[in-house]
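Enquirer: Build me a model:
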Amino acid sequence: MRHLDLTTEEEEEHAEPKRPRDTDNKRKRIPTDVDRSLVSTKKQAVAIDREVRCPFLLRVFVRVNRPLRIAEFDDARRLPEDELQVYTWPDATLSELATLVMEVEPSPRRRRANLRFATVYRPQTGGGKPMLRDLGKITVGQTGPDDLRSLQDTPFKIGDLLAVSVTLPR
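Expert: Residues are numbered from 1 along each chain as shown. Purely as a prediction, here's the structure:
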């Protein structure tokens, strides 16, 4: 990759000398005598002190028995009216968010109701059209693989919107 250097000759005279590249910064290898099951290659979730770190505003849109259509988010000035505003932290789990939704919206409190979470975001490219990405599903009254998934473990970024589609059992 090439970089364009826009410094003038005068700036170059006063600049600090460039250091040689650090060639020792190679990929670290796990010794062969170490049990590989004990070594985590995944990025560890950052522990957040909720007493110190300020929460962020999460805008949540809930629909019962019908999904939110991505076309409803085309105009950022006219978003769906059923907005729920929650202050939370990046380590909030989908189960925590489901509990907050159930406090406001009584219908998903039924046993075996499904809450499907998705993030609505606008990509940097592509004309800024909103896109939808699935984050996980919670089933009320049952434990599932997505219950303990936190926002920081998903593709969610602060500033994205959260769409929750609730499907009630028959």
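
Enquirer: going forward, measure contacts and count neighbours with C-alpha atoms only.
Expert: Noted.

Enquirer: Could you pull out the buried residues of stretch 99-116?
Expert: If you call a residue buried by 16 or more other CA atoms under 10 Å, then stretch 99-116 has these buried ones: 101, 102, 108, 109, 112, 113, 114, 115, 116.

Enquirer: other SSEs contacting the helix of greatest length in the chain?
Expert: For the chain, the helix with the greatest residue count under DSSP state H is helix 94-104. The contact analysis (3 or more CA pairs under 8 Å, 6 or more residues apart in numbering; DSSP states H and E) places helix 94-104 against strand 131-139.

Enquirer: pLDDT on the strand or helix carrying residue 166, on average?
Expert: Using DSSP states H and E, the element containing residue 166 is strand 161-167. The average pLDDT within strand 161-167 is 93.

Enquirer: Give me the sheet partners of that strand and which way each runs.
Expert: Sheet pairing of strand 161-167 (DSSP bridges) gives strand 56-64 (parallel), strand 114-121 (antiparallel).

Enquirer: Would you mind finding the most buried of these?
Expert: Scoring the strands paired with strand 161-167 by mean neighbour count under mean count of other CA atoms under 10 Å gives strand 114-121 as the most buried, with a mean of 23.

Enquirer: between that one and helix 94-104, what angle do the directions make?
Expert: 100 degrees (axes from the mean of the first three to the mean of the last three CA atoms, to 10 degrees).

Enquirer: pLDDT (mean, whole number) over strand 114-121?
Expert: 93.

Enquirer: repeat for stretch 145-153
Expert: 93.

Enquirer: Please apply the same query to stretch 52-72.
Expert: Mean predicted confidence for stretch 52-72 is 89.

Enquirer: ok, now stretch 76-84?
Expert: Mean predicted lDDT for stretch 76-84 stands at 84.

Enquirer: Grab the CA positions of that stretch and hand them over as PDB.
Expert: Presented in PDB, the C-alpha positions along stretch 76-84 are these (Å, rounded to 0.1, in the frame of the first residue of the first chain):
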ATOM      1  CA  ALA A  76     -34.000   8.800   8.800                       C
ATOM      2  CA  ARG A  77     -36.300  11.700   9.700                       C
ATOM      3  CA  ARG A  78     -39.500   9.500   9.600                       C
ATOM      4  CA  LEU A  79     -38.700   6.400  11.400                       C
ATOM      5  CA  PRO A  80     -41.500   4.000  12.700                       C
ATOM      6  CA  GLU A  81     -43.500   5.500  15.500                       C
ATOM      7  CA  ASP A  82     -43.200   2.600  17.900                       C
ATOM      8  CA  GLU A  83     -39.800   3.500  19.200                       C
ATOM      9  CA  LEU A  84     -38.500   2.500  22.600                       C
END
